[in-house]
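Visitor: Below: sequence and its predicted model.
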Amino acid sequence: MDRETRVFAESHFRGLRGRLPGGVCPTPDRVDFIETPDSFSYTDFFKGYLLPNVPCVFSSAFTEGWGSRRHWVTPSGKPDFDYLLQNYGDVVVPVANCGVQEYNSNPKEHMHLRDYISYWKDFIQGDYSSPRGCLYLKDWHLCRDFSAEGLFTLPVYFSSDWLNEYWDALDVDDYRFIYMGPTGTWSPFHADIFRSFSWSVNICGRKKWLFFPPGQEEALRDCHGSLPFDVTAPAFLDSRLCPVPKHCSPPLEVTQEAGEMVFVPSGWHHQVHNLEDTISINHNWVNGCNLANMWHFLQQELCAVQREVIMKSCSGINFEEFYHFLKVIAEKRLLLAKEIDPGEVECSERSGLGPQQTIFDICRIAEVLASVVVNPDFQRVDTSMFSPRPEDLLQQLEEVVAATESL
């Protein structure tokens, strides 16, 4: 990130005045398709898609050198079951039953990958039908349990990834997933966890995405206030059950081909269908651009459940852990800020995207942390044993912001 981009970003957030955009966002006319890596920079992505929070699709040229596209796929473009069995057959993976609704998701079971591939082959031979149902391998943390070296290269556009940086520091989890499934498998209508961004690359196969901008989902609630499970279901179009979909703009529809990469913005509800036998790599990620969305979401969750003791089980994180998340990222950025040379404006390569990105990150953490420390519900959290205390960390961040304003 260069200084011009950082100033542009700061102007954007000043325009929001510390609040998320209100109301319903209109559905764009189309999703941009990015053709060539050489003519598309990180700044282009940051200004054109990350800050405005709109989706885009990157061509297969961006993933051309990925090992997974060579090793996991046959010459005819199908999943290479033999390679997957040889390398991962004994791994236990989570599998969802797409034909069964459990609340607004699908029930999951665990099985060895070899057993899932055996099912997949039988499903194909049975003309894409099975008495066992339509099973979809979802949320397999392959990168957590195996080296991902050679399988894929993290695109620079998504390299400011605080969510996985945080979990890597704890060494207990991650938000990097593999999805595999036959034609007909799908993911129900949802928005991504913590209102994170996500990216998804089809290693092979094709997907159909249905996108709804933030706020549009409110027009899709039924008479009980519930969001739909399947926006393509005939029952969903029954005005007696769902009286308001006609007031919602049609979804933005995208067909993702093999090798292509989809950027999913923060807070966009979506539904995804596999049009062919498909394997994809997916990451959820948070950074300074959607940190406020994450904080706003957590506050909404607390209001919904009323008690923080329930909050972690509902959203996966509570206020105490959210502060720890901010602290881990903040302390890393404060160390990087010490290495910034005011004369040359250079920074350690550890920052990935340069010193201006470090300054931007610190500014965004400081703004959200300032909101956290005055939040009445957070003030009920016992922070006496926190190190540093939230107020002290905020002061450190604000001092760096003031010292780097001219950089």
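Guide: Arrived safely, thanks for sending.

Visitor: only C-alpha atoms for contact and neighbour calcs from this point on.
Guide: Will do.

Visitor: so residue 378, which of the three states?
Guide: The three-state assignment at residue 378 reads helix, by DSSP: H, G, I helix; E, B strand; the rest coil.

Visitor: Hmm, it is touching residue 369, no?
Guide: No - Residue 378 lies out of contact with residue 369 (C-alpha atoms under 8 Å); the separation is 10.8 Å.

Visitor: Just confirm residue 147 is within a helix.
Guide: No - using three-state DSSP, the assignment for residue 147 is coil, not a helix.

Visitor: re the thing from before, could you check which of residue 378 and residue 369 is surrounded by more residues?
Guide: Comparing residue 378 with residue 369 by other C-alpha atoms under 10 Å, the one with more neighbours is residue 369, at 23 against 18.

Visitor: Find the nearest non-adjacent residue to the more buried one, please.
Guide: The shortest distance from residue 369 to any non-neighbouring residue, by C-alpha to C-alpha, 6 or more residues apart in numbering, is to residue 394 (6.5 Å).

Visitor: pretty sure the one you found is in a helix, no?
Guide: Yes - if the criterion is three-state DSSP, then residue 394 is within a helix.

Visitor: Let me see the backbone angles for residue 153.
Guide: phi -120, psi 120 (degrees, to the nearest 10).

Visitor: Just to check, it is in contact with residue 69?
Guide: No - using C-alpha under 8 Å, residue 153 is not in contact with residue 69; the gap is 11.5 Å.

Visitor: can you map out the helices along the stretch 301-407 of the chain?
Guide: According to DSSP state H, counting those that start in this stretch, the stretch 301-407 of the chain carries its helices in the segments 308-315, 319-338, 355-373, 376-379, 390-403.

Visitor: Show me which positions of stretch 369-377 end up buried.
Guide: 369-370, 372-373, 377 (16 or more other C-alpha atoms under 10 Å).

Visitor: Kindly indicate which of those lies nearest residue 30.
Guide: residue 369 (35.4 Å; C-alpha to C-alpha).

Visitor: Contact partners for the closest one?
Guide: Applying C-alpha atoms under 8 Å, 6 or more residues apart in numbering to residue 369 gives the contacts 323, 326, 390, 394.

Visitor: and what of residue 158?
Guide: Residue 158 touches 199, 285, counting by C-alpha under 8 Å, 6+ apart.

Visitor: okay, it: pLDDT?
Guide: On pLDDT, residue 158 comes in at 97.

Visitor: got it, and residue 187?
Guide: 98.

Visitor: can I assume it sits in a strand?
Guide: Yes - assigned with three-state DSSP, residue 187 falls within a strand.

Visitor: which strand residues sit across from it in the sheet?
Guide: With DSSP bridges as the criterion, residue 187 is bridged to residue 272.

Visitor: Is it in contact with residue 271, as I believe?
Guide: Yes - in this structure residue 187 lies within contact range of residue 271 using C-alpha under 8 Å: 5.8 Å.

Visitor: which stretches of this protein form strands?
Guide: Using DSSP state E, the strands of the chain run over residues 32-34, 56-58, 92-97, 108-112, 135-140, 176-181, 186-190, 197-204, 207-212, 252-256, 261-264, 269-274, 278-285.

Visitor: can I get the ones you listed in JSON lines with mean neighbour count and distance to residue 79?
Guide: Output for the strands of the chain, formatted as JSON lines (neighbours: other C-alpha atoms under 10 Å; distance: least, C-alpha to C-alpha, whole Å):
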{"stretch": "strand 32-34", "mean neighbour count": "15", "distance to residue 79": "25"}
{"stretch": "strand 56-58", "mean neighbour count": "22", "distance to residue 79": "21"}
{"stretch": "strand 92-97", "mean neighbour count": "20", "distance to residue 79": "17"}
{"stretch": "strand 108-112", "mean neighbour count": "14", "distance to residue 79": "17"}
{"stretch": "strand 135-140", "mean neighbour count": "22", "distance to residue 79": "13"}
{"stretch": "strand 176-181", "mean neighbour count": "21", "distance to residue 79": "9"}
{"stretch": "strand 186-190", "mean neighbour count": "21", "distance to residue 79": "17"}
{"stretch": "strand 197-204", "mean neighbour count": "24", "distance to residue 79": "7"}
{"stretch": "strand 207-212", "mean neighbour count": "22", "distance to residue 79": "15"}
{"stretch": "strand 252-256", "mean neighbour count": "18", "distance to residue 79": "16"}
{"stretch": "strand 261-264", "mean neighbour count": "24", "distance to residue 79": "18"}
{"stretch": "strand 269-274", "mean neighbour count": "21", "distance to residue 79": "13"}
{"stretch": "strand 278-285", "mean neighbour count": "23", "distance to residue 79": "7"}
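
Visitor: Of all the ones you listed, which one comes closest to residue 222?
Guide: Residue 222 lies closest, by C-alpha to C-alpha, to one member of the strands of the chain: strand 186-190, at 13.7 Å.
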